[in-house]
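J.: sharing a model that was predicted from the sequence below.
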Amino acid sequence: MSDEPKPPAEGKPPGTPPLQFSLRALLGATFAFSLLWGTLRWLEVPETTCYVVLGILVASVLAAAGLVVVIAASASDDDEGPSDGW
């Protein structure tokens, strides 16, 4: 058996961690969401308004996740050298 290190997977620079959320981030998001939802219920906000807030929250999270993916993709493209894009 050889003790040589394996070459890195193609298309991914060595040492780059995969995109993932930590347990702390997931618990923090859950806590923030429950705090928001509990406050809305405590203030007796109409149900329709709660669903509007939920829709805005979901849209914001999806937009932020998409932005993180785009930034991560552009950062890995920068490591390969200059491109013809913007």
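T.: Sure, I can see it.

J.: what sits against residue 66?
T.: Residue 66 sits next to no residue when contact means CB atoms under 8 Å, 6 or more residues apart in numbering. All C-beta spots, glycine's among them, are computed from the backbone N, C-alpha and C.

J.: and for residue 45, the neighbour number?
T.: When counting by other CB atoms under 10 Å, one arrives at 13 neighbours for residue 45.

J.: cool, residue 25 as well?
T.: Neighbour tally, residue 25, other CB under 10 Å: 10.

J.: ditto for residue 40
T.: 16.

J.: where exactly do the strands run in the chain?
T.: Taking DSSP state E as the test, none of the chain falls into strands.

J.: in it, which spans are helices?
T.: With DSSP state H applied, the chain shows helices at 23-42, 47-80, listed in chain order.

J.: keeping just the C-alphas, turn the shortest one into CSV.
T.: Output of helix 23-42 as CSV, limited to C-alpha atoms (Å, rounded to 0.1, in the frame of the first residue of the first chain):
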residue,chain,number,x,y,z
LEU,A,23,-26.1,23.2,13.5
ARG,A,24,-25.7,26.5,15.3
ALA,A,25,-27.0,28.4,12.2
LEU,A,26,-30.0,26.1,11.8
LEU,A,27,-30.9,26.4,15.5
GLY,A,28,-30.5,30.2,15.4
ALA,A,29,-32.8,30.4,12.3
THR,A,30,-35.4,28.2,14.0
PHE,A,31,-35.2,30.3,17.2
ALA,A,32,-35.5,33.6,15.2
PHE,A,33,-38.5,32.2,13.2
SER,A,34,-40.3,31.0,16.4
LEU,A,35,-39.6,34.3,18.1
LEU,A,36,-41.1,36.2,15.2
TRP,A,37,-44.1,33.9,14.9
GLY,A,38,-44.7,33.9,18.6
THR,A,39,-44.6,37.7,18.7
LEU,A,40,-47.1,37.9,15.8
ARG,A,41,-49.4,35.6,17.7
TRP,A,42,-49.0,37.4,21.0
